[in-house]
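Visitor: The sequence and its predicted three-dimensional model are supplied below.
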Amino acid sequence: MSTQLPDTESETEAVETEPTESLPPAQRARMEKKAEARAARERREREAAEEEAAAEENTVHLKVFRYDPEVEGKQEPRFDDFHVPFEKGMTVLDALIHARDTFDSSLTFRHSCRQAICGSDAFFINGRQRLGCKTQLSDLEDPVRVEPLPHAEVRKDLVVDMEHFYDQMEAVEPFFQTNELPDGELDEQRQTPENREKVKMSTRCIWCGACMSSCNIAAGDNEYLGPAAINKAYRFAMDEREGEDVKEHRLNVIEQEHGVWRCQTQFSCTEVCPKDIPLTEHIQELKREAVKSNLQFW
Amino acid sequence: MYEHDVIVVGAGGAGLRAAIAAQEEGADVAIVSKLHPVRSHTGAAEGGINAALREGDSWEDHAYDTMKGSDYLGDAPAIETLCQDSPEEVIQLEHWGMAFSRDEDGRVSQRPFGGLSFPRTTYAGAETGHQLLHTMYEQLVKRGVTVYDEWYVSNLAVTDEEDPTERSCHGVVAYDIQSGELSGFRANDGVILATGGPGQVFDHTTNAVSNTGDGVAMAYRAGVPMEDMEFVQFHPTSLPSTGVLISEGVRGEGGILYNAEGERFMFEYGYASNDGELASRDVVARAELSEVNAGRGIEDEYVHLDMRHLGEERIIDRLENILHLAEDFEGVDGLEEPMPVKPGQHYAMGGIETDENGETCISGLYAAGECACASVHGSNRLGGNALPELIVFGKRAGQHAAGKDLGEAEIETGQRGEYELGEVDTPVEPGAVGGPGVEDEATGDDATADGGVATESDAAAVGGDDVLERAVETERERVQELLEKDEGIQHAEIRADVQESMTANVNVFREEAGLKQSLRDVREARERYEDVFVKDPSRTFNTDLIQTIETRNILDLAEAITLGALAREEFRGAHWRAEFQERNDDEWLKHTLLSWNDGTPQLWYRPVILEGEEKEYEPKIRSY
Ligand SMILES: Cc1cc2nc3c(=O)[nH]c(=O)nc-3n(C[C@H](O)[C@H](O)[C@H](O)COP(=O)(O)OP(=O)(O)OC[C@H]3O[C@@H](n4cnc5c(N)ncnc54)[C@H](O)[C@@H]3O)c2cc1C
Ligand code: SF4
Ligand code: FES
């Protein structure tokens, strides 16, 4: 796994952000001392609670990646162990929430919908990109290792920086474009059920970033648009409601140097996508479309 | 400090629509949201969005169904606006490329939904909300609207006149979750709250973990009344283990409910002899729990929802997402077995009191979406009516904030015009105690609006910047206090206790003793909250801190829901009371309002507006 930690210099700045910065030195020193004492006590408390939980029968052993650029003693990346009581139907997200709420409230991860639709809890779980909320503990080998998404910069614990992912998504003009709308204000554009079926899978992306994180090409070429963004382009390029000229334009966008031609059909994105989007297939199809449209010019 | 014309708080369906509308009016708009827009809970909506689009249907019929479904607690001007505007708004989404399901002729499909006299629920498979949210976010990207994502808004900058209807809002205080930087956001023309539902008040809910009622609590503390909070919708079909929703679309397509004895109880026990499974949500939720309470539940907890007879093709075509949910979260294959379901908290009919233009009684402060109560749902929301609400009222709020003339609002807000004060016998004194973030009466700081400017100063002479600065200062102190405090109680404990008490006592069935117990529990939680502390000392992504602040909001909302429920001595819509089994139109055709009164809720009422543009809606008995 290549977990990317931000370089420490910029992080020192983050520590300095107000309002701590604006505090009088004495107060600041007091806060820092408190934080230290607090950290030590917490460690003891957590270890005690942990021991108790580990002694219980039916527990799951989590090994969770930890890193906090700001807090003394947490700046070195490490793994923390949590023993969480197991109940049937429990997901990795449930276990993380339990660990946070009972053992260590500083354990940090994104999550919201807990039903595989918000895309915020993609982690590297037992060596694979998965959504925490959609992954049953019973399907995993113990101990369960939970790490942040590889190939993304870690902000804290399991939280990674998504900016790059968002930038790539935006690079493909991810919005519907059409020159012709029906005349009547309340008239819809017609779309055949078949065409809707064709784009359906591509519209399901929840922007979780799992595919991008699993892609070797994206790891080596930071400018590569990546599977999610190309899939987004597919979603519009294949929609019959956008005209031919727009489609031409879209194909040009994804044909650029760091576009579809970088894909080496390794299928890792397709394997990890929690929404079962046939990403590799979509990329291949766009390659074919691009060739076809180029041919028309000769 | 950041500065924009219009600031939208929240980036779900309502927030995005508001931002687009304000931008189209020429305003410089920014969205501030604690989640990245595509992570908002609107993405979880499944079943569909109502709009009268087809021959044989009309907005008038839609309005009639909505009023009837509301059990006559909706305000006609708001309902009529919703039904008149939603066709155009839904077509607008189509023109923006939304991937609706399609009929053979290429037009968008519509399906039947509970309580509707026409199959007018337009949908995109069983993932309508996801498609809607993404379509609107795409438009936002296209327009280049500024988004501050992962910024938590914790306070409003509102002036502090004695009378809330004379106050004005000048911005918000937010902090960057990534860095902990706390900052003021100046809104020159208006702030629009679109912060979504309060599902986390309950422990069994279909809502996201982030749905903690922040906007409602902030507006309340700034002086805007909370309206009709007792009306909480419990959806009849959520998965028992997680609360994950199984869309009403399943029943719309013909899914059937069975009890443990294999009886189709909606018909056989006569809960809704005409409509069966397609009766309104409140009716079905009560029927299910009655079955469970009568010993005919499965594992004493739930009933079965069966869709196998619909056939694989139809299921995959229209309800595919349901198969995934049942499989992933309950381990059940919906093609082979019935799915276990039980009622779960789902939607708040009540919220921030607004008029049909989205404006609150504080000038420059707007609300739209689930956090708002323009009174379109009354005491019971019809399925498929929340999504049109987001876009219709999101748009109106955006336009109005940006200066467009939408005409004088017919709905009055704040304590003006016709209203009566209410009283209720409570076992403990609700409301204010000290503690972090709670206005401390002992300090003599009688600022009624959090973060306002003292009353003595002539508000006109005080610039919006000062109001904002002071709000930032208040917030800085509160956060500092929470972080500096070294020991005490953690929010998770308090939150869990309140959620449990609410689920036990203020659920589908409500009794006086339970309601009073819940008020006591909330009071106790408030007292414990005085001692709350944040363990994580980090400023980077401190979710401990965020959740601690959210928990405070949950307390305010839990109390309001319970108080309203205790006060309302009748049975209407989603509000069932053991002691009062009749709808009492003579006394209770009125909205419950709660105002921040130095932290102690003041209860008052305003009559329902049943007079529409052309006709007056006559309360009729709801029968199914
Ligand atoms: C599972 C489910 C299924 C549903 N299905 C349907 C359906 O089929 N049809 C229908 O009509 N309705 C449905 N509903 C209801 C409807 O989806 C919701 O009422 C609606 O989506 C709420 O949208 P919203 O824009 O008001 O809020 P949300 O989408 O919840 O957005 C809230 C936004 O506010 C932000 N926010 C919150 N607090 C803060 C803060 N303190 N600071 C900064 N930002 C903040 C969040 O980040 C988020 O962006 C469903 C609801 C659920 C839960
Ligand atoms: S394509 Fe799949 S894996 Fe990639 S971001 Fe979208 S949902 Fe996640
Ligand atoms: S919590 Fe939303 S996808 Fe997992």
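Guide: Here it is on my side, so go on. Ligands and ions are numbered 1, 2, ... in the order given.
Visitor: Can you report how many residues lie near residue 250?
Guide: In the absence of a named chain, this looks at chain A. If you count neighbours by other Cβ atoms under 10 Å in any protein chain shown, A:R250 ends up with 24. Just so you know, the C-beta spots here come from the backbone N, C-alpha and C atoms, and that holds for glycine as well.
Visitor: Switch to chain B, please.
Guide: Neighbour number of B:V250 under other Cβ under 10 Å is 28.
Visitor: which SS state does it fall under?
Guide: helix (DSSP: H, G, I helix; E, B strand; the rest coil).
Visitor: What's the local residue count around the residue nearest to it when sequence neighbours are not counted?
Guide: Closest residue to B:V250 apart from its sequence neighbours, by Cβ to Cβ, 6 or more residues apart in numbering or on different chains: B:M307 at 5.4 Å. A total of 24 residues lie near B:M307 under the criterion other Cβ under 10 Å.
Visitor: what sits against B:M307?
Guide: Taking Cβ atoms under 8 Å, 6 or more residues apart in numbering or on different chains, we find B:M307 in contact with B:V250, B:E253, B:G254, B:G255, B:I256, B:I315, B:L319, B:I322, B:G334, B:P338, B:M339.
Visitor: The same query, at a cut-off of 6 Å, please.
Guide: Taking Cβ atoms under 6 Å, 6 or more residues apart in numbering or on different chains, we find B:M307 in contact with B:V250, B:G255, B:G334.
Visitor: I'd say B:S86 and B:E389 touch.
Guide: No: the criterion here is Cβ atoms under 6 Å, and B:S86 misses it with B:E389 at 8.6 Å.
Visitor: Neighbours of the closest residue to A:P85 other than its chain neighbours, how many?
Guide: Spatially, and ignoring its direct neighbours in sequence, A:P85 is nearest to A:T59 (5.6 Å; Cβ to Cβ, 6+ apart). Residues lying near A:T59 (other Cβ under 10 Å) number 16.
Visitor: buried set for stretch B:298-318?
Guide: Going by neighbour count (16 or more other Cβ atoms under 10 Å in any protein chain shown), the buried part of stretch B:298-318 is B:I298, B:Y302, B:V303, B:H304, B:L305, B:D306, B:M307, B:R308, B:L310, B:I315, B:D317, B:R318.
Visitor: And for the second one, nearest residue in space, chain neighbours not counted?
Guide: The spatially closest residue to B:Y302, leaving aside those adjacent along the chain, is B:K342, at 4.1 Å (Cβ to Cβ, 6+ apart).
Visitor: ditto for the last one
Guide: Leaving aside its sequence neighbours, B:R318 sits nearest to B:E253 (Cβ to Cβ, 6+ apart; 5.9 Å).
Visitor: what's the burial count for the one you found?
Guide: Using other Cβ under 10 Å, B:E253 has 19 neighbouring residues.
Visitor: gap between it and A:D245?
Guide: Noted for B:E253: a distance of 39 Å to A:D245, by Cβ to Cβ, to the nearest Å.
Visitor: And for B:V153?
Guide: 42 Å.
Visitor: Neighbour count for those two, which is higher?
Guide: Between B:V153 and A:D245, counted using other Cβ under 10 Å, the more crowded position is B:V153 (24 against 10).
Visitor: In the stretch 251-400 of chain B, which residue sits closest to ligand 2?
Guide: For the stretch 251-400 of chain B and ligand 2, the shortest gap (Cβ to the nearest ligand atom) falls at B:H324, measuring 12.9 Å.
Visitor: Secondary structure element for that residue, which one?
Guide: Assigning secondary structure by DSSP states H and E places B:H324 in helix B:312-330.
Visitor: if you average pLDDT over the next helix or strand after that helix, what comes out?
Guide: Proceeding N to C from helix B:312-330, the next assigned helix or strand is strand B:339-348, under DSSP H and E. Predicted confidence along strand B:339-348 averages 97 (mean pLDDT).
Visitor: could you say what helices and strands strand B:339-348 packs with?
Guide: When contacts are defined as 3 or more Cβ pairs under 6 Å, 6 or more residues apart in numbering or on different chains; DSSP states H and E, strand B:339-348 packs onto strand B:232-238.
Visitor: what residues does the strand it packs on touch?
Guide: Residues contacting strand B:232-238 (Cβ under 6 Å, 6+ apart): B:206, B:245-246, B:281, B:284-285, B:288, B:305, B:341, B:343-348, B:381, B:508, B:574.
Visitor: Kindly indicate whether the residue in the stretch 401-550 of chain B that ligand 2 sits nearest to is helix, strand or coil.
Guide: Using Cβ to the nearest ligand atom, B:F541 is the residue of the stretch 401-550 of chain B that sits closest to ligand 2, at 21.0 Å. Taken by three-state DSSP, the conformation at B:F541 corresponds to coil.
Visitor: On the pLDDT front, check the residue of the stretch 301-450 of chain B found nearest ligand 3 for me.
Guide: Residue nearest to ligand 3 within the stretch 301-450 of chain B: B:D328 (10.4 Å; Cβ to the nearest ligand atom). pLDDT, B:D328: 89.
Visitor: State the distance from it to B:G129.
Guide: Separation of B:D328 from B:G129 (Cβ to Cβ): 18 Å.
Visitor: Of those two, which one has the most company?
Guide: Using other Cβ under 10 Å as the criterion, B:D328 and B:G129 rank with B:G129 on top: 25 against 21.
Visitor: The more buried one is in what secondary structure piece?
Guide: helix B:128-143.
Visitor: Name the residues that touch that helix?
Guide: Residues contacting helix B:128-143 (Cβ under 6 Å, 6+ apart): A:117, A:170, A:174-175, B:13, B:16, B:20, B:23, B:37-38, B:42-45, B:48-49, B:93, B:96, B:98-99, B:124.
Visitor: can you do 7 Å?
Guide: For helix B:128-143, contacts defined as Cβ atoms under 7 Å, 6 or more residues apart in numbering or on different chains pick out A:117, A:170, A:174-176, A:203, B:12-13, B:16-17, B:19-20, B:23, B:37-38, B:40, B:42-49, B:93, B:96-99, B:124, B:387.
Visitor: repeat for stretch A:189-198
Guide: Contacts of stretch A:189-198 (Cβ under 7 Å, 6+ apart): A:181-182, A:238-241, B:94-95, B:99, B:101-102, B:104, B:106-107.
Visitor: Looking at those residues, which is nearest ligand 3?
Guide: So of the contacts of stretch A:189-198, ranked by how close each gets to ligand 3 (Cβ to the nearest ligand atom), first place is B:A99, at 19.8 Å.
Visitor: quick one: that closest one is in a strand?
Guide: No: assignment of B:A99 by three-state DSSP gives coil, placing it outside any strand.
Visitor: so it makes contact with B:A124?
Guide: Yes: between B:A99 and B:A124 a contact is recorded at 5.4 Å, counting by Cβ atoms under 7 Å.
Visitor: Below-threshold pLDDT in the stretch 51-200 of chain A: ranges please.
Guide: Low-confidence segments of the stretch 51-200 of chain A, defined by pLDDT under 70: A:51-57.
Visitor: how deep is residue 244 tucked in, by neighbour count?
Guide: Went with chain A since none was named. By the criterion of other Cβ under 10 Å, A:E244 has 9 neighbours.
Visitor: Oops, wrong one, chain B.
Guide: Counted with other Cβ under 10 Å, B:V244 comes out at 23.
Visitor: In this structure it contacts A:Q115, no?
Guide: Yes: counting by Cβ under 7 Å, A:Q115 is a contact partner of B:V244 at 4.7 Å.
Visitor: just to revisit the earlier point, distance-wise, check the residue nearest to B:R318 relative to B:I322.
Guide: 10 Å.
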